[in-house]
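[1] how would this look folded up:
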Amino acid sequence: MAVAGVDNTFRRKFDREEYLERARERERQETEGRVKSKSRGPPVQRKPLKHRDYEVDLESRLGKTQVVTPVAPLSQQAGYFCSVCECVVKDSANYLDHINGKKHQRALGMSMRVERASVEQVKERFEVLKKRRVPGSFTEQDLDDRILKQQQEEEERKRQRREKKKEKKKEKAAEEEIEMDSDIAAMMGFGGFTSKKS
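    This next block holds a predicted model:
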């Protein structure tokens with residue numbers, strides 16, 4: 001009588017040679033990839049960081065409502081859209097962080113390094129700023145005149161508001177006060193509501 005053994009033919013049998021060949025192929029591809037990445041050329045030279053020559057618009061959509069749909073293009077979704085990086089940032093603080101950040105500056109072709117200024121460049125900058133500021137352009141007299149003018153404008157606005165209110169009251173009173181003939185009013189019964197003492 002033959003002893004029945006365990007049937008384990010369902011187990012997967014591995015071919016060691018096949019898997020060794022696959023491992024060697026993968027290593028060969030990885031080394032080729034490293035060599036190609038090193039021989040790509042010199043690293044990209046980026047321009048040093050410079051200040052913006054445009055005004056950042058954060059307040060144009062302040063206080064406005066907008067319908068948000070899931071199928072709208074990125075530029076029309078809620079939040080601030082960066083056309084350089086093609087992304088939407090949800091609030092102004094994060095938008096400022098984004099446009100001052102590394103990813104955005106790299107997309108613009110700039111590194112995060114600032115160019116070192118020479119003494120001559122600093123002197124030139126001071127001269128430009130001095131020329132921009134006209135001497136004697138602001139005095140206390142100017143400030144007093146501006147305050148006085150502002151107060152006068154405010155008083156004028158208040159006076160106009162009062163006049164408009166008076167006109168509206170007069171119009172309302174005129175509408176309510178319908179001129180009726182006393183005989184017709186008595187006939188309709190409007191004259192007998194007051195108590196007369198004789």
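
[2] the bottom helix or strand of this structure by mean pLDDT?
    Within the chain, no helix or strand scores below helix 182-188, which has a mean of 70 by mean pLDDT, DSSP states H and E.

[3] just checking, residue 104 touches residue 87?
    No - under the criterion of CB atoms under 8 Å, residue 104 makes no contact with residue 87, lying 9.1 Å away. Placement of C-beta: from N, CA and C, glycine included.

[4] so for these two, which residues contact both of them?
    residue 98 (CB atoms under 8 Å, 6 or more residues apart in numbering).

[5] which helix is the longest one in the chain?
    The residue-count maximum for a helix in the chain (DSSP state H) belongs to helix 140-176.

[6] state the mean pLDDT of that helix.
    In this model, helix 140-176 has a mean pLDDT of 88.

[7] for the record, mean pLDDT for the strand or helix carrying residue 25?
    Element membership of residue 25 [criterion: DSSP states H and E] is helix 16-38. If you average the pLDDT over helix 16-38, you get 85.

[8] how far does it sit from the chain's center?
    49 Å (CA atoms, centre = their mean, to the nearest Å).

[9] with stretch 100-119 instead?
    So, by CA atoms, centre = their mean, the centroid of stretch 100-119 is 22 Å from its chain's centroid.

[10] the longest helix of the chain packs against which elements?
    If contacts are counted by 3 or more CB pairs under 8 Å, 6 or more residues apart in numbering; DSSP states H and E, helix 140-176 sits against no helix or strand.

[11] run the chain-centre distance for it.
    Centroid separation between helix 140-176 and its chain, computed with CA atoms, centre = their mean, is 37 Å.

[12] who touches the biggest strand by length in the chain?
    Criterion DSSP state E: the longest strand present in the chain is strand 110-114. Contact with strand 110-114 is made by 46-50, 102, 105, as judged by CB under 8 Å, 6+ apart.

[13] buried set for that strand?
    By neighbour count on 16 or more other CB atoms under 10 Å, the buried set for strand 110-114 is empty.

[14] let me see the mean pLDDT of the following helix or strand past it.
    Once the chain leaves strand 110-114, the next helix or strand it forms, by DSSP H and E, is helix 119-132. Per-residue pLDDT values across helix 119-132 average out to 89.

[15] alpha carbons of helix 119-132, as CSV, please.
    C-alpha atoms of helix 119-132 as CSV (Å, rounded to 0.1, in the frame of the first residue of the first chain):
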residue,chain,number,x,y,z
VAL,A,119,29.2,100.9,-3.4
GLU,A,120,28.6,102.8,-6.6
GLN,A,121,25.2,101.1,-7.2
VAL,A,122,24.1,102.0,-3.6
LYS,A,123,25.2,105.6,-4.2
GLU,A,124,23.3,105.8,-7.5
ARG,A,125,20.2,104.4,-5.8
PHE,A,126,20.4,107.1,-3.1
GLU,A,127,20.7,109.8,-5.7
VAL,A,128,17.7,108.5,-7.6
LEU,A,129,15.6,108.5,-4.4
LYS,A,130,16.8,112.0,-3.5
LYS,A,131,15.8,113.3,-6.9
ARG,A,132,12.4,111.6,-6.6
